[in-house]
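J.: give the three-dimensional model of this entry:
(chains A and B)
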Amino acid sequence: TQLLEQSPQFLSIQEGENLTVYCNSSSVFSSLQWYRQEPGEGPVLLVTVVTGGEVKKLKRLTFQFGDARKDSSLHITAAQPGDTGLYLCAGGGNNDMRFGAGTRLTVKP
Amino acid sequence: DAGITQSPRHKVTETGTPVTLRCHQTENHRYMYWYRQDPGHGLRLIHYSYGVKDTDKGEVSDGYSVSRSKTEDFLLTLESATSSQTSVYFCAISSGTGGNYGYTFGSGTRLTVV
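T.: Numbers count the residues shown, from 1 in each chain, chains lettered A, B, ... in the order given. Coordinates of the predicted model:
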């Protein structure tokens, strides 16, 4: 069973649209990370959030950590084809990170 | 900007044979990890290392062993490969433990067991 549930599993949108993907858990995490993975490559870290309620922005991407530190969301404004990829969330454990199965985003031109 | 390389990138092997995957880093990071990625399961931790000759099991360690004789190298061995071990294997490195330190991943090894 997945400790971290990501939704939706798949998302296909047109260029210029906004979107939000979610990462939910019944566990409390000391921190949460978001990664993006492109085909044939390893995941690349986008952001780490550590404080409940924290909001971080990275250009057109906005990341939020839930107040209870059990969930997080990633919002993309005006999506571009270059945003296409697999978005993974990961929660901090004692010695390692536990990953969700990801949201596969396709942005069509 | 490699910093971490995995070899081989692709491998096909027969059931029952031993297989070793290599992860090499040039960042001098203390922590190294092996994950496998399968559709619907995300990344699952196999083994990790917190220093030379210091390793521990992850959530899916059965059928795998690891060794770390130098800071820069972390080897993953499938002792007797099975079809269920067909997967994409990723190595990751980190300068610290826990969620405050991001992982840097290699490009992966796609292993097929026939």
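J.: show me what contacts A:E17?
T.: By Cβ atoms under 8 Å, 6 or more residues apart in numbering or on different chains, A:E17 lies in contact with A:A78, A:A79, A:V107. Where C-beta positions appear, they are placed from N, C-alpha and C, glycine not excepted.
J.: 6 Å - rerun?
T.: By Cβ atoms under 6 Å, 6 or more residues apart in numbering or on different chains, the contact list for A:E17 reads A:A79.
J.: in which helix or strand does it reside?
T.: A:E17 is part of no helix or strand, with elements assigned from DSSP states H and E.
J.: mean confidence score for the lengthiest strand in chain A?
T.: Scanning chain A for the longest strand, with DSSP state E as the assignment, gives strand A:85-92. Regarding strand A:85-92, the rounded mean pLDDT is 92.
J.: contacts for it?
T.: Residues outside strand A:85-92 that contact it (Cβ under 6 Å, 6+ apart): A:4, A:21, A:23, A:29-38, A:43, A:72, A:97-100, A:102-104, B:98-99.
J.: restricted to strands, list the residues you listed.
T.: If you go by DSSP E, the contacts of strand A:85-92 have A:21, A:23, A:32-37, A:72, A:97-99, A:103-104 in strands.
J.: which residues of chain A lie near chain B?
T.: Applying Cβ under 6 Å from any Cβ of the partner chain, we find that chain A lies next to chain B at A:S30, A:S31, A:E41, A:G42, A:P43, A:L45, A:G92, A:N95, A:D96, A:F99, A:G100, A:A101.
J.: quick one: which of these is nearest B:S84?
T.: Closest to B:S84 out of the residues of chain A next to chain B is A:A101 (18.0 Å), distances taken as Cβ to Cβ.
J.: where does the residue nearest to that closest one when sequence neighbours are not counted fall, phi/psi-wise?
T.: Excluding the flanking residues, the one nearest A:A101 by Cβ to Cβ, 6 or more residues apart in numbering or on different chains is B:G42, at 4.0 Å. Dihedral pair for B:G42: phi 70, psi -160, per degrees, to the nearest 10.
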